[in-house]
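> Sequence and predicted structure below; questions after.
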Amino acid sequence: MKYLYAAYIATWAIHVGYLGTLLRRYVRLRDEIQEFKTRIEDK
Amino acid sequence: MKRVFPILAVLTAGLLSYALYEALVAAPTEQTMGDVQRIFYYHVPSAWTAFILFFVNFFASIAYLIWRNTKADMVALVTAEVGVIFCTVVLVTGPIWARPVWGIWWTWDLRLTLTLVLWLIYVSYLVLRRFSSSGQTPLLAAVLAVFGALDVPLVYFSIWFFRTQHPQPVVGGGGSIDPRMLHVLLINWLAFSCFAALVCWSRYRLEALRREVDETLALEALLDPSQAKTSRSRSAG
């Protein structure tokens, strides 16, 4: 059973890890957009 | 669109949960391998999903080579990235299944080796896209993707034409499978396909937004170079 659980946990760890990188990229992009907006408003 | 996505996400989560229940509880236990055979319900659908994504990548790359369409280029990038994730699942769950059944984690068998080569081709595709700043990057990546896609049928048919350690295909290859197991397999494939489609959709939107921001910043740099220099040094820090 340990191999079965290891395979299922590994599968979800890979998918969740990838979704985490997507979220991180989205947050970074949102910050960039916010920074750009602030710069435009300051002008 | 903003309302459709959460609904589809909830439906997909429900389908994945149902598929997990079917795989772990409802599916009959295989007589020779026992419970470890249930890895099959994640391993095989992940492989099929990866193959489909690489095929979409192939057609999108061909479309980009013919029409130089930016959307086709984005589809190619997204499907390659998500395809690599599913191929990684295949390469991880395979050895975990092989260890108790074959007694080894890995063997340089034709199918296993070709799958590893397939993964390496698409990882190199992503590395090229990530680190090359040339204007020709999408073109070079599209050419690489066309050659990379040739490995997909080689992986799939390798067990038909060559004697390998890997089992024969259970669907469409002359093999047999219990109808209840086939049902669970197809449910899991459907669930993972829906999941892959949603992830691709999110990644596509992110890529479109990324390109829009880059274009806006490039325009700003053209209009006000001093400001762009400041913002560049800020983002580098």
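That came through, no problem.
> near chain A, which residues of chain B?
B:20, B:24, B:35-36, B:38-39, B:42-43, B:46, B:82, B:85, B:88-89, B:92-93, B:96-97, B:99-100, B:195, B:199, B:202-203, B:206, B:209-210, B:213, B:216-217, B:220, B:227, B:231, B:234-235 (C-beta under 8 Å from any C-beta of the partner chain). No exception for glycine: its C-beta is placed from N, CA and C like everyone else's.
> Please, a ChimeraX command that selects the buried ones among these?
The ChimeraX command for the buried members of the residues of chain B next to chain A (criterion: 16 or more other C-beta atoms under 10 Å in any protein chain shown) is given here:
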select /B:20,36,38,39,42,43,46,82,85,88,89,92,93,96,97,100,195,199,202,203,206,209,210,217,220,231
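> residue nearest the centroid of chain B?
Compute the mean C-alpha point of chain B, and by C-alpha atoms, centre = their mean the closest residue is B:G83, 1.3 Å away.
> any idea how far that residue lies from A:G20?
In this view, B:G83 and A:G20 are 19 Å apart by C-beta to C-beta, to the nearest Å.
> same deal with B:M33?
33 Å.
> who has more neighbours, those two?
B:M33 (14 against 10; other C-beta atoms under 10 Å in any protein chain shown).
> For that one, give me its contacts.
B:M33 makes contact with B:100-101, according to C-beta atoms under 8 Å, 6 or more residues apart in numbering or on different chains.
> quick one: it and B:A221, what's the gap?
Distance of B:M33 to B:A221, given as C-beta to C-beta: 60 Å.
> which non-adjacent residue is nearest B:F195?
The shortest distance from B:F195 to any residue other than its chain neighbours is 5.5 Å, reached at B:T12 (C-beta to C-beta, 6 or more residues apart in numbering or on different chains).
> Which helix or strand contains the one you found?
Using DSSP states H and E, B:T12 maps to helix B:4-21.
> when you check the residues of chain B next to chain A against the helices, which ones overlap?
In this view, those that belong to helices under DSSP state H are B:20, B:42-43, B:46, B:82, B:85, B:88-89, B:92-93, B:96-97, B:99-100, B:195, B:199, B:202-203, B:206, B:209-210, B:213, B:216-217, B:220, B:227, B:231, B:234-235.
> I figured B:L190 was touching B:Y18, is that so?
No: judged on C-beta atoms under 8 Å, B:L190 makes no contact with B:Y18 at a distance of 9.9 Å.
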